[in-house]
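Asker: Take this sequence and fold it.
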Amino acid sequence: MALLLAIVLFFTIALAVFSFGAAAYAPSSVLGSRLRALGWQKAEPQEKPAFKERLEQALDPLSRALPLSPSEVSRTRAWLIQAGYREPRHLTMYVGSRVLLALIGLVAVIAAAGFDSVLLMVSVTAFCFFLPRFVLKRMIRDRQRRITLALPDALDLTVICVEAGLALDQAMMRVGADLHHAHPDLSDEFHLVNLEMRAGKPRVEALRNLTERTGVDDVRALVGTLVQTDRFGTSVAKALRVHSDSLRTERRQRAEEQAAKTTIKMVIPLVVFVLPSIIFVTLGPAVIQLIRTLLPEMGR
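Answerer: Prediction:
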């Protein structure tokens, strides 16, 4: 009896020790995480923050130094979203970069010219302060141009998917996945529209958010067409096909307009660079011969 009691006690203690060790060393164990938090195990070395995180931490005090009203914050955030920067840290980096560039320009002018030229200090500081806004506006225009060029192709693929039997939501998701490498900007926007509709937003609201995120007139017209089609219950495939044809016609007209403007834009380079060369080549030898002939006669 004593031997059986000793065996049971031994196995009980061994099972308890084994259970405690397994609970302590398991990666997902709550007990193990608490014990590691108490310091019985050396903490794992923390990874260094990425460059973007360190840049955000450095620019955060500068962004706070520039007071912005809620309307300015919302407008700047809308510009950043249209440029493709949707994270909240991008606003901090944008505002901080404006303040940092203004300080750099002010310090550079003071180091070069001192405090004598106040007008130069103000102009250089203002230029450095508004330079990020110019760059942001240029990025917005480039992204809108890429979306405008990608929209007819996306509409053609959407028409094919809808005529094959897919719903509009599934067609947009499939088109966004197919255009991921060719047109990543429009693909990301279609992906966001699908995520919003999956989250419970109505289709009309998700499409209008697409218009606000892009700021493209062709996308606004497409959203209006889809909203009217959904409201009146007409054929989505026919509406998309007609709208795709109109977009291609507008794109061809834009190309013809740019081609017509080319001749006028080439006048200034021709007058400044080409015409003087032609004058020198054609009249140069005659002028040289005339000088050689008349110069001795004038010296007599």
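Asker: For Trp79, grab the count of nearby residues.
Answerer: 18 (other Cβ atoms under 10 Å). Where you see a C-beta, it was placed from the backbone N, CA and C, and this is true even at glycine.
Asker: tell me the SS of the residue lying closest to it once chain neighbours are set aside?
Answerer: Leaving aside its sequence neighbours, Trp79 sits nearest to Leu136 (Cβ to Cβ, 6 or more residues apart in numbering; 5.8 Å). Under DSSP: H, G, I helix; E, B strand; the rest coil, Leu136 falls in the helix class.
Asker: which residues touch stretch 172-187?
Answerer: With contact meaning Cβ atoms under 8 Å, 6 or more residues apart in numbering, stretch 172-187 is reached by 84, 143, 146-147, 149-151, 153-154, 157-158, 161, 166, 188-191, 193-194.
Asker: Show me those residues that map onto helices.
Answerer: 143, 146-147, 149-151, 153-154, 157-158, 161, 188-191, 193-194 (DSSP state H).
Asker: Run through the residues that contact the residue nearest to His90 when sequence neighbours are not counted.
Answerer: Excluding the flanking residues, the one nearest His90 by Cβ to Cβ, 6+ apart is Leu80, at 5.2 Å. By Cβ under 8 Å, 6+ apart, Leu80 lies in contact with Arg86, His90, Leu91, Tyr94, Leu136.
Asker: so the second one is in which element?
Answerer: Element membership of His90, judged by DSSP states H and E, is helix 88-113.
Asker: Now do that helix: distance to the chain's middle.
Answerer: 21 Å (Cα atoms, centre = their mean, to the nearest Å).
Asker: got it, and stretch 122-132?
Answerer: Relative to the chain's own centre, stretch 122-132 is displaced by 23 Å; criterion: Cα atoms, centre = their mean.
Asker: Name the residues of that stretch that come out as buried.
Answerer: Going by neighbour count (16 or more other Cβ atoms under 10 Å), the buried part of stretch 122-132 is Val124, Thr125, Cys128, Phe129, Pro132.
Asker: Met139 - how many residues pack around it?
Answerer: For Met139, using other Cβ under 10 Å, the count is 16.
Asker: can you tell me how far Leu247 sits from Leu157?
Answerer: 13 Å (Cβ to Cβ, to the nearest Å).
Asker: So which elements touch the helix holding His90?
Answerer: Applying 3 or more Cβ pairs under 8 Å, 6 or more residues apart in numbering; DSSP states H and E, we find helix 88-113 packed against helix 51-65, helix 70-83, helix 118-163.
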